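# have a look at this fold, sequence not included:
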């Protein structure tokens, strides 16, 4: 069960995490940011399920698709948005969609586009 208004952000770039968390909080959501995939996975395993998960495709020690697969194996049912600086041709979008990723967004992205994703993908739990 998703926790109302809580979004978990996972990106190995601290600046990106801070910007996304700040943006989400300014829009009335609670956001938890992680730069370490293992710490984020621990949060998903032991904390309440977020209403939305925003995950970078390249997390340093683990690829985003592997992170998503592990999250799904742990029972996470929240909508997942993958963000990436890579050109979509350089990632396996089909595999991400098969893992239940709701959307893939390319960095840099327009904050308004992120707001629409939160409204669309997290509408049941985030608002």
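Received the coordinates, thanks. As the structure is a computational prediction, the values presented were derived from the model and not from experiment.
# please count neighbours and contacts with C-alpha atoms only from this point.
Noted.
# mind listing what's buried in the helix or strand where residue 96 lies?
Secondary structure from DSSP states H and E places residue 96 in helix 93-98. If you call a residue buried by 16 or more other CA atoms under 10 Å, then helix 93-98 has these buried ones: 93, 96.
# for that helix, packing partners?
helix 64-73 (3 or more CA pairs under 8 Å, 6 or more residues apart in numbering; DSSP states H and E).
# show me the contact partners of the helix it packs on.
37, 41, 44, 55-58, 80, 82, 95-96, 99, 101 (CA atoms under 8 Å, 6 or more residues apart in numbering).
# mind running it again at 7 Å?
41, 55-58, 96, 99 (CA atoms under 7 Å, 6 or more residues apart in numbering).
# okay, and for the protein, where does confidence drop off?
1-5, 122-125, 127 (pLDDT under 70).
# check contacts around the spatially most central residue of the chain.
Residue closest to the mean C-alpha point of the chain, counted by CA atoms, centre = their mean, is residue 54 at 1.1 Å. Residue 54 makes contacts with 8-10, 80-82, as judged by CA under 7 Å, 6+ apart.
# circling back to that earlier point, dump the contacts of helix 64-73 into CSV; add distance to residue 68 and secondary structure as well.
Shown next, in CSV, are the contacts of helix 64-73 (distance: CA to CA, whole Å; DSSP: H, G, I helix; E, B strand; the rest coil):
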residue, distance to residue 68, secondary structure
41, 10, helix
55, 8, strand
56, 10, strand
57, 9, coil
58, 12, strand
96, 8, helix
99, 7, coil
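# sec struct for the residue located most distally from the centre of the chain, please.
Distance from the C-alpha centroid of the chain, by CA atoms, centre = their mean, peaks at residue 89 (20.1 Å). Secondary structure assignment for residue 89 (DSSP: H, G, I helix; E, B strand; the rest coil): helix.
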